[in-house]
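In: Got a sequence here, can you model it:
(2 chains)
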Amino acid sequence: MHVDPLEKKWAVLTVSLMILSMIILGFFALEAHIRPPSNVETIDSTRLHLTEEFAEDNLGVKTAADGTVHVTMVAARYGFFPREVVVPQGVPVTIRIASADVLHGLHAPGTNFNTMVVPGYVSQLTTEFPRAGEYPVMCNEFCGLGHDYMWSRLKVVPKDEFQANG
Amino acid sequence: MVNSETRGLVLAHFWVAFLAFVAAALLGLYQVAERSGLFPALESNVLYFGSVSTHGVLMGFVLTTFFAMGFGYYCASQSLGRPIWNRGMAWFGFWLSLVGTAMAAVALLSGQASVLYTFYPPLQASPLFYLGATLLVVGSWFWCLEMVMTMRAWKRDNPGKPVPLAMFGNAVNGTLWFVTSLGVALEVLFQLLPWSLGLKETVDVGLARTLFSWTLHAIVYFWLLPAYIALYTLVPKAAGGRLFSDEMARIAFIMLLVFGIPIGFHHLYMDPFQAAGWKFLHMTGTFMVAVPSFLTAFTVTASLELAGRLRGGKGLFGWIAALPWTNPIVLAGILSLLLLSVGGFGGIINASYSMNSLVHNTQWVTGHFHLIFAGTSVIMYFGIAYYVWPRLTGKPLFSERLARVQLWSWAIGMVVLTFPWHALGLQGQPRRISATPYDSPLVATWQLNEILMIVGGIILFISAVLLIVNLAASHGAQGAAEVSGSEFAEPAQPLLRLPGALNGVGFWFVVVAVYMIVSYGYPIAQFFLMETYGAFPWSI
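Out: Next comes the predicted model:
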C-alpha cells in the first residue's frame, strides 16, 4: 500500500473543503433559517374541498394576530389557486399548499419560494421576499399535457401598501 | 485482439447502446427546436413530452446500461486474460434487457408512457412500460453477478495477487448498480406495476418518490464508473505514461460505492414528507461523494503529466502540449475532465441544503446533468469505443480524424447547449416544459439563450451521426488493426501487496447495506408508521 505525500495533501484539502462548505451551509440554515420545505403532514387530496383549511373560500392571504402573514393555496391541473397572491415585502411569509390531483411544483424565480406539491401531503415553507415586484409563479414539475400553461402571479408590495383580508 | 467469444458479446452490447444513443440524440434536437417556440409548425405538447420521455429512457437507461455491461465484459476478459465466468448467462442477461427495452419502446412510441423517465406517479403509464423497464434492469443484474463472480474465480486461482484495476472497478460498478437499482425495482414491483394492472387502487406518492430517489442519483455513478475506469487504466497507457496511483483509484471507486448510493435523497430537498434533519444529514453524504471525483481529477491529471514528461514535455505546463491530443481516447479523456470540473461545480450548488431552492427544477439542473452525463461520461464512451473497436473488429478505425472532429464537436456542442441552460435556470426558466406561454417580462430575457441551445443541439446531433458512421464504416475498413501488448496502464509504483479491503467487494457490500439501513431505513419506514393517503391514477 503506497500513497504519495502529494496525494495525501490533496485528499486532506478536498475533505476539508467539503467540511467547510457544510459548516457554512449549516450556519445559514440555523442562523438565517434558509432551509428547504420539510413539512411531514398528510392530507387526503381527494377531499381538499371538505377540509377547513383548503376549502375554496378559505384560500388566500391572511395576517395572524402576531402580524405574521400566511398564504393558503391549492395546486390543481392546470392552475394555482388563488390565481394571484399579494404579500408584503420584507416580512416572513408562511405558505401552505396542497395538490388536488397529481404532482406539481412551484417556483417564483429569484426567490426561495420553491417547493414540490405532492398529492397526499401538505407542503409548507416560510420565506421573506426582499424585493417588491411582480413574479410569475410557474409549475415546475411535469403534471400533464397542460403543464406549460400552469402558472399564476405573486405580487410583493411595500409593507405599508399591504392589506390582507381576514 | 479480443477472443472471438467475447468479441460478439461486447459488440452486441455496444451496438444496442449506440443505436439507442443516436435515436435519442435526434429526439434531443427536436426537443430544443420545439421548446424554443421559434418553429410554430413543430409545436406539440403531445409529441414533446413523448419525446422527452423516450430521450430520457434511451439515454439514461438503454445507452448506459448496455454500454456499462459491454465495457465490463471487455475489461474482465482483457485484464484477466481469460473468459468471463458464465458466457451463457451473459447472453441471457443481454436478451432479457433487450426484450425489456423493446417493450418499453412500444409503450413510449405509442404515447402510452409519456410520464418521463422518472415515472411521476400518480400519472400512470401502460403496464408494458413498467414491465419493460423492470426486465431491462433485471437483465443487467446478471451482468452484476458476472462481474463479481468473474473476479472471484480469478482470485481463487491467483491467491494473494492484486486484482487488475479494470476488473476491480467493474466489480465495484456491478455491486453499486445492483444495490442502486433495488430502489426503483421496489417501486415498480410493489407499487407501480400492481397499480397499473388495476390490482391496487392507489399509490403512495411520497413512498414512490423516496424509493425512486434511492436509484436516481447513484445511477449517475453507474454511468460514470466506466468513464473513470477508462480514465485510470486506458487513458494513461494510450498517452504513453503510467497510472500515478493504483491504490488511490481503488479508494475512489470504493468511496463512490459507499457514499454514492444513498445520496439520491438530495433530490427530495424540495419535497414535503421528509423532515429537515434527514435532509441535512444527507447533504453531508452528498458533499462527501465529491471527494472521489476530486481524487480522480488529481490522479488522472498526475498520470497525464507523467505521460507528457515522458514524451519530453518541460516546464510547468509544457507537458500538456506534449500529450498526444490526436489520439481519440486521450482527447476524450482531457475533454471529459474539463467538462467534469465545470459540471461538478454546479453539482455542489444542487447538493446544498439551502442554495438548491434557487435552482430546483429549473433549466439549470438540466444543464448540470447534461454536462456530467453527456460531457463527462458519454464522451468517454466514445473514446472507449474508438479505442476498443480495432481490437474487437480486427480492422483499423475507419478514420481517426473523423473521431477527433466528432469528440471536439461533442464537447463544444455540450458547452453551447448547457451554458445557456445554466443561465436560463438562473433566469427562472422551469425544466420539463414544452413551451413558455407565461405572460411575464421574464420570458423576453430567455430569447438569446434559446437560440444558442438550438445551435448546441444541431452540433451535437451532427456529432452523434459522425460517431455511428465511423464505427459502422470501421467494420468494413481495409487492412489489419495495429494493436499489441497490454492496453491497461501499469502503476507508477509497482503494486506488490494490497489490503484485502482494496482487493474485493464483499466487505464493502456489507458496509453499504448497513449504511443504507441507517440512512434510508426510517425515511422509508415512516410511510408505514403514519396514516397516508394514496393517489388515484391520472392519465397525462
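
In: which helices and strands does the host helix or strand of B:Glu247 pack with?
Out: Using DSSP states H and E, B:Glu247 falls within helix B:246-260. Applying 3 or more CB pairs under 8 Å, 6 or more residues apart in numbering or on different chains; DSSP states H and E, we find helix B:246-260 packed against helix B:165-187, helix B:218-238, helix B:276-288, helix B:290-310, helix B:506-529. C-beta here means a position set from N, CA and C on the backbone, and glycine is covered the same way.

In: Residue 138: which element?
Out: I'll assume chain A. strand A:133-139.

In: actually chain B
Out: Using DSSP H and E, B:Val138 falls within helix B:127-157.

In: Touching, B:His55 and B:Gln31? I think so.
Out: Yes - the criterion here is CB atoms under 8 Å, and B:His55 meets it with B:Gln31 at 6.6 Å.

In: returning to that earlier point: spell out whether the helix holding B:Val138 and chain A are in contact.
Out: No - residues of helix B:127-157 contacting chain A under CB under 8 Å from any CB of the partner chain: none, with a closest distance of 15.4 Å.

In: And that helix, what's buried?
Out: Applying a neighbour-count criterion of 16 or more other CB atoms under 10 Å in any protein chain shown, the buried positions in helix B:127-157 are B:127-155.

In: ok so, going back, give the pairing partners of the strand holding A:Met138; include direction for each.
Out: strand A:104-107 (antiparallel), strand A:151-157 (antiparallel) (DSSP bridges).

In: right, so those: which one is the most enclosed?
Out: Mean neighbours per residue, mean count of other CB atoms under 10 Å in any protein chain shown, is largest over these for strand A:104-107, with a mean of 28.

In: Identify the residues contacting the residue lying closest to A:Val15 once chain neighbours are set aside.
Out: If the residues on either side of it in the chain are set aside, A:Val15 comes closest to B:Val291, at 5.9 Å by CB to CB, 6 or more residues apart in numbering or on different chains. B:Val291 sits next to A:Ala11, A:Thr14, A:Val15, A:Met18, B:Met255, B:Phe259 when contact means CB atoms under 8 Å, 6 or more residues apart in numbering or on different chains.

In: B:Ala185 too?
Out: B:Thr134, B:Val137, B:Val138.

In: ok, 7 Å please
Out: B:Thr134, B:Val137 (CB atoms under 7 Å, 6 or more residues apart in numbering or on different chains).

In: quick one on the thing from earlier: helix B:506-529 and the helix holding B:Val138, what's the angle between them?
Out: 150 degrees (axes from the mean of the first three to the mean of the last three CA atoms, to 10 degrees).

In: what about B:Trp95, how many neighbours?
Out: Using other CB atoms under 10 Å in any protein chain shown, B:Trp95 is surrounded by 12 other residues.

In: likewise the one 3 residues further on?
Out: Here the count is done by other CB under 10 Å, and B:Leu98 has 18 residues near it.

In: Quick check: the residue nearest to B:Ala276 when sequence neighbours are not counted vs B:His282, distance?
Out: Counting by CB to CB, 6+ apart, B:Ala276 lies nearest to A:Ser38, which is 3.9 Å off, once chain neighbours are set aside. As for A:Ser38, its distance to B:His282 is 12 Å (criterion: CB to CB, to the nearest Å).

In: can you map out the helices along chain A?
Out: Shown for chain A, the helices assigned by DSSP state H span residues A:5-31.

In: Backbone dihedrals for the residue in it that chain B sits nearest to, both of them.
Out: Chain B sits closest to A:Pro109 of chain A, with a gap of 2.2 Å, by CB to the nearest CB. Per-residue torsions, A:Pro109: phi -50, psi 140 (degrees, to the nearest 10).

In: my guess is it meets B:Gly428, correct?
Out: Yes - here A:Pro109 reaches B:Gly428: they are 2.2 Å apart, a contact under CB atoms under 7 Å.

In: Who has more neighbours out of those two?
Out: B:Gly428 (26 against 21).

In: these two touch, right, the more buried one and B:Thr362?
Out: Yes - B:Gly428 lies in contact with B:Thr362 (CB under 7 Å); the separation is 6.5 Å.

In: Mind listing the shared neighbours of those two?
Out: Common neighbours of B:Gly428 and B:Thr362 (CB under 7 Å, 6+ apart) do not exist.

In: tell me the average confidence for the helix holding B:Glu247?
Out: For helix B:246-260, mean pLDDT is 96.

In: what's the nearest residue to B:Leu323 if we skip its chain neighbours?
Out: Closest to B:Leu323 by CB to CB, 6+ apart is B:Gly308, at 5.0 Å.

In: Now do residue 41, the pLDDT please.
Out: Defaulting to chain A. According to the model, A:Glu41 scores 96 on pLDDT.

In: try chain B instead
Out: 93.

In: Next, it: phi, psi?
Out: Torsion angles at B:Ala41 (phi, psi; degrees, to the nearest 10) stand at phi -70, psi -20.

In: The one 3 residues further on now?
Out: B:Ser44 adopts backbone torsions of phi -160, psi 110, taken as degrees, to the nearest 10.

In: Can you tell me, leaving aside adjacent residues, what's nearest to it?
Out: B:Glu34 (7.1 Å).

In: and that neighbour, what is it in contact with?
Out: With the criterion set at CB under 7 Å, 6+ apart, B:Glu34 makes contact with B:Leu42, B:Glu43, B:Tyr48, B:Ser434.

In: From those, which land in helices?
Out: Going by DSSP H, the helices hold B:Tyr48 from the contacts of B:Glu34.

In: Good, we can wrap up now.
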